[in-house]
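Colleague: Following is a predicted model, sequence given first.
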Amino acid sequence: MKLKTRLLLMLVMIATVIGSCSKDNYNAEEQAAKDEALIVEFIAKNNIPAVRHSSGLYYQIITPGEGASVTAASTVGVVYTGKLLDGTQFDQATSTVRFPLTGVIPAWTIGVPLIKVGGRIRLISPSTLAYGNQSPGAGIPKNAVLDFTIDLHNAQ
């Protein structure tokens, strides 16, 4: 009986050690500070007249638009390009795509309502307002700061 208990205890200890080795040591505050520094450097290097939103999102209203106003609950039709800060393009819609702003990353839910239909905005998103410490797939690494240019074509 003692041998079985010892073996079981050893197996539990081994599983605990292995499990703790595979965990990501993600610290949201540290990552936010890293993202902020990367964004500030990127904006300065590229002379982007961006404004910092209280959420931590940086944006540049290129064209404010003159059409309907948009809310975070709107369904929008947009054309956009998504890039990493090194200029690598990871996504693009060259014809209008529609989706609810409630179903996208927080940077879009916050940023797109800053313009009206017909407008164009650039969003530079810290990872916490994008995909965080998860990679949504090939092309976007975890903890990535994302740079979007969005043309707002329509909204409901």
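Modeller: In hand now; what should we look at? Numbers count the residues shown, from 1 in each chain.

Colleague: List the contacts of the residue positioned nearest the centre of the chain.
Modeller: Note on the chain: the residue nearest the mean C-alpha position is Ala130, at 1.4 Å, using CA atoms, centre = their mean. Shown in contact with Ala130 (CB atoms under 8 Å, 6 or more residues apart in numbering): 105-107, 140, 144-146. C-beta here means a position set from N, CA and C on the backbone, and glycine is covered the same way.

Colleague: Just after the longest strand seen in the chain, pick out the following helix or strand.
Modeller: Ordering each strand of the chain by length in residues (DSSP state E) puts strand 89-100 first. Sequence-wise, the next helix or strand downstream of strand 89-100 (DSSP states H and E) is helix 106-111.

Colleague: so for that next one, what's the average pLDDT?
Modeller: Average pLDDT, helix 106-111: 98.

Colleague: One more: stretch 120-139?
Modeller: For stretch 120-139, the per-residue pLDDT averages 94.

Colleague: filter the contacts of Ala130 to the buried ones?
Modeller: By neighbour count, with 16 or more other CB atoms under 10 Å, these hold 105-107, 140, 144-146 as buried.

Colleague: Need phi/psi at Ala28.
Modeller: phi -60, psi -40 (degrees, to the nearest 10).
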